[in-house]
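# I would like the atomic coordinates for the input below:
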Amino acid sequence: MKLCITATGKKLSARVDPRFGRAPYFLLIDTETLSCEAIANPASATGQGAGIKAAQLLTDRGVAAVLTGTVGPNAVEALQAARIKTYEGVDPGDTAQEAIDRFKQGKFSASSAVSPRGGCGQGLGFGRKDGLGRGWGRCRP
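All right, here's what the predicted structure looks like:
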């Protein structure tokens, strides 16, 4: 199976990035041979729609499952439409290798819906006296 792990770097020693759409790298792992291909995530610097663009990239690469911290609601829908399983809740302190080891031990279960932490978008309003102006969201790990 081809497994994608969101990572901060290009090697299995890199830390897991808890963000799906904004992770700087995707490590594509063959779970049988443990061969690893690192690809830069071009969607990580996108203003909007990073999760959907990242999901499309992984679909094009034939990924069967994603192992990450959290996945936002739009990306969840895109991954589900592509029949890519999502495994959330990886500790961002773990290396990609540690995450693979736990995955192979069955420590993660496939998500069927958006993470309770939800992804990005929590923020305070500004710009109007009543506090209902637009706000800058912030991703929670």
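# what is the neighbour count of the closest residue in space to Glu32 that isn't next to it in sequence?
Taking C-beta to C-beta, 6 or more residues apart in numbering, and ignoring the residues beside it in sequence, Glu32 has Met1 as its nearest neighbour in space, at 7.4 Å. For the C-beta atoms, the positions are set from N, CA and C on the backbone; glycine is no exception. In terms of burial, Met1 registers 10 neighbours under the definition other C-beta atoms under 10 Å.
# quick check: Met1 touching Ala65?
Yes: counting by C-beta atoms under 8 Å, a contact exists between Met1 and Ala65, whose distance comes to 6.5 Å.
# which residues touch the residue nearest to Glu32?
By C-beta atoms under 8 Å, 6 or more residues apart in numbering, the contact list for Met1 reads 30-32, 64-65.
# per-residue pLDDT, it?
Predicted confidence (pLDDT) for Met1: 93.
# please apply the same query to Arg138.
At Arg138 the predicted local confidence, pLDDT, stands at 40.
# please, where are all the helices along this protein?
Counting by DSSP state H, the segments of the chain that form helices are 50-60, 73-81, 96-104.
# and the buried ones among the contacts of Met1, selectable in ChimeraX?
Selection of the buried residues among the contacts of Met1 in ChimeraX, burial being defined by 16 or more other C-beta atoms under 10 Å:
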select :65
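# the contacts of Met1 into a markdown table, with extra columns for pLDDT and distance to Lys104?
Written out in a markdown table, the entries for the contacts of Met1 read as follows (pLDDT from 0 to 100; distance: C-beta to C-beta, whole Å):
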| residue | pLDDT | distance to Lys104 |
| --- | --- | --- |
| Asp30 | 94 | 12 |
| Thr31 | 89 | 7 |
| Glu32 | 89 | 10 |
| Ala64 | 96 | 14 |
| Ala65 | 96 | 12 |
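# show me the two of the contacts of Met1 that sit farthest apart.
Comparing every pair within these by C-beta to C-beta identifies Glu32 and Ala65 as the most remote, at 13.3 Å.
# that's all I had, so thanks and see you.
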